[in-house]
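Participant: can't give you the sequence, but here's the structure:
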């Protein structure tokens, strides 16, 4: 299993970024997927999940600003992030949630992460 995140970087407060996660080594189309983040000095925070049918789930902290999506033909997971805040500076990870549950906050696999810095 390999998960490779990309798309992070430096963005101004209120700005947008779109993260990607290239997946391989498993059947992506039938797997629930998640995004999580870890801010400096804090624990891992679940952000969003999507199941194999395309149903999506969001943490209250990002609902209405973040959008998770998947392209099964490309084995790629996405996270569109809008109206970013400085406190959302973190390393962002895509992950395969345990038991195939898109809202699960424990994971079987995760990538190396991509750094997002929200700062002026």
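Facilitator: Right, received. Where do you want to start? Because the structure is predicted, anything quoted here is derived from the model rather than measured. Residues are numbered from 1 along each chain as shown.
Participant: I'd say residue 28 and residue 72 touch.
Facilitator: Yes - with contacts counted by CB atoms under 8 Å, residue 28 reaches residue 72, the gap being 6.2 Å. To be clear about C-beta, it is placed using only N, CA and C from the backbone, and glycine gets the same treatment.
Participant: neighbour-wise, which of those two wins?
Facilitator: residue 28 (22 against 15; other CB atoms under 10 Å).
Participant: pretty sure residue 99 sits in a strand.
Facilitator: No - per DSSP: H, G, I helix; E, B strand; the rest coil, residue 99 lies outside any strand segment and is helix.
Participant: where does the nearest residue to residue 68 once chain neighbours are set aside fall, phi/psi-wise?
Facilitator: Of all residues not flanking residue 68 in the chain, residue 48 sits nearest, at 4.2 Å (CB to CB, 6 or more residues apart in numbering). Residue 48 adopts backbone torsions of phi -160, psi 150, taken as degrees, to the nearest 10.
Participant: these two touch, right, residue 48 and residue 35?
Facilitator: Yes - if you go by CB under 8 Å, residue 48 and residue 35 touch, sitting 4.8 Å apart.
Participant: who touches both of those two?
Facilitator: 66, 68, 79 (CB atoms under 8 Å, 6 or more residues apart in numbering).
Participant: quick one: those as a markdown table, columns for pLDDT, distance to residue 104 and neighbour count too.
Facilitator: Shown next, in a markdown table, are those (pLDDT from 0 to 100; distance: CB to CB, whole Å; neighbours: other CB atoms under 10 Å):
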| residue | pLDDT | distance to residue 104 | neighbour count |
| --- | --- | --- | --- |
| 66 | 98 | 18 | 21 |
| 68 | 98 | 14 | 23 |
| 79 | 98 | 17 | 26 |
